[in-house]
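Participant: what's the 3D shape of this:
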Amino acid sequence: NTENHEGWWYEGGGIYRDVFLVKTNRVAIDTYGVYVYPEKKNEDKWDVNIETTVANEDYEDVSVKLVSKICDKDGNVVAKALGEVFVPTKDTATAVYKTEIENPVLWDLDNPYQYKIITEVIKDGEVIDTYETKTGFRTFKADPNEGFFLNDKYVKIKGVCAHSDCGLTGKAVADNVNRYKAELLKEM
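Facilitator: Numbering: from 1, shown residues only. Down below sits the predicted model:
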C-alpha cells in the first residue's frame, strides 16, 4: 500500500532524457550512421570494420571520401581507415571499409576502456561533416554448458530487478544518480 507522501507510485511523464537538435550540411553522416565492429584476427592484431551511412539531401548526386580516425583515451590517433561512397540525390548509401590495430587495450568489466572513432566526410577536399563514435575491443562467447566468457575469461552473470527511476525524481534521473546506482550494484 502507498502511504501519504510516498513517491514510488509517481513515474513522471513527458521528456525525461537528453534531447539534441543536430544541424548538418545537406550531405552528412546519417543519424547513428557509423557502425564500428572490431574483430580479433590473432593474438596481436584486430580488424576495425566500419560501415558509414551518408545521407544526401542535396539536389545532385555526390561522391565523398570518408576518413575514420581511431583515437585512444588520450586523443592519440592509433589507426586510420579510408572509405569512399557515391550517394544519389535524396538518398543514402553505405561505405564499408576497415583498418587494423595492434594490441589494443581490451574493454572489460574492471576497465571499460573505449576508443573514439572520429569520422570525417570530405567533399571536394573540404571536411563537410564530422561524427564521433565510441567502441571497445573485446571478445565474448556464450556457451549453454560452460557459461559466458569475456576476453576468454569466465564471467558469472549476475543481476537484480531495479526500477529505472529514483524515488521522487520519477524517470528524470540525473546521470550522477544512475552512476551511483551502478556503483552500488557492482559493489553488491
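Participant: Which strand residues bridge the one residue sitting closest to the centre of the chain?
Facilitator: Among the residues of the chain, Lys134 comes closest to the average C-alpha position under C-alpha atoms, centre = their mean, at 4.5 Å. Taking DSSP bridges as the rule, Lys134 bridges to Lys116.
Participant: residues contacting it?
Facilitator: Shown in contact with Lys134 (C-beta atoms under 8 Å, 6 or more residues apart in numbering): 114-117. For glycine as for every other residue, the C-beta is placed from the backbone atoms N, C-alpha and C.
Participant: Need these in JSON lines (columns: distance to Tyr154 and neighbour count).
Facilitator: Below are those laid out as JSON lines (distance: C-beta to C-beta, whole Å; neighbours: other C-beta atoms under 10 Å):
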{"residue": "Gln114", "distance to Tyr154": "23", "neighbour count": "14"}
{"residue": "Tyr115", "distance to Tyr154": "25", "neighbour count": "22"}
{"residue": "Lys116", "distance to Tyr154": "30", "neighbour count": "14"}
{"residue": "Ile117", "distance to Tyr154": "30", "neighbour count": "21"}
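Participant: now those as CSV including pLDDT and distance to Glu183?
Facilitator: Shown next, in CSV, are those (pLDDT from 0 to 100; distance: C-beta to C-beta, whole Å):
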residue, pLDDT, distance to Glu183
Gln114, 97, 18
Tyr115, 98, 24
Lys116, 98, 24
Ile117, 98, 28
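Participant: coming back round to it: do you know the pLDDT at the residue nearest to the centre of the chain?
Facilitator: Reading off the confidence values, Lys134 has pLDDT 97.
Participant: Tell me which stretches of the protein form helices.
Facilitator: Secondary structure of the chain (DSSP state H): helices at 175-187.
Participant: quick one: low-confidence parts of it?
Facilitator: Low-confidence segments of the chain (pLDDT under 70): 1-13, 164-165, 167-170.
Participant: switch the cut-off to 90
Facilitator: Counting by pLDDT under 90, the chain has low-confidence residues at 1-20, 22, 157-188.
Participant: max-length strand in it?
Facilitator: With secondary structure taken from DSSP state E, the chain has its longest strand at strand 27-40.
Participant: for that strand, packing partners?
Facilitator: Judged by 3 or more C-beta pairs under 8 Å, 6 or more residues apart in numbering; DSSP states H and E, strand 27-40 is in contact with strand 45-56, strand 62-71, strand 115-123, strand 126-135.
Participant: Quick one: residues contacting Pro154.
Facilitator: Actually, residue 154 is Tyr rather than Pro. Applying C-beta under 8 Å, 6+ apart to Tyr154 gives the contacts 146-148.
Participant: about what we covered before: CA atoms of the longest strand of the chain as PDB?
Facilitator: Taking Å, rounded to 0.1, in the frame of the first residue of the first chain, the C-alpha atoms of strand 27-40 are listed here in PDB:
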ATOM      1  CA  VAL A  27      25.400  15.900 -47.300                       C
ATOM      2  CA  ALA A  28      26.200  14.400 -43.900                       C
ATOM      3  CA  ILE A  29      26.500  11.100 -41.900                       C
ATOM      4  CA  ASP A  30      23.100   9.800 -41.300                       C
ATOM      5  CA  THR A  31      21.700   9.600 -37.700                       C
ATOM      6  CA  TYR A  32      23.500   6.700 -35.900                       C
ATOM      7  CA  GLY A  33      25.200   6.300 -39.300                       C
ATOM      8  CA  VAL A  34      28.600   4.900 -38.200                       C
ATOM      9  CA  TYR A  35      28.800   1.300 -37.100                       C
ATOM     10  CA  VAL A  36      32.200   0.000 -35.800                       C
ATOM     11  CA  TYR A  37      32.800  -3.700 -35.400                       C
ATOM     12  CA  PRO A  38      36.300  -4.700 -34.000                       C
ATOM     13  CA  GLU A  39      37.200  -8.300 -34.800                       C
ATOM     14  CA  LYS A  40      40.200 -10.200 -33.400                       C
END
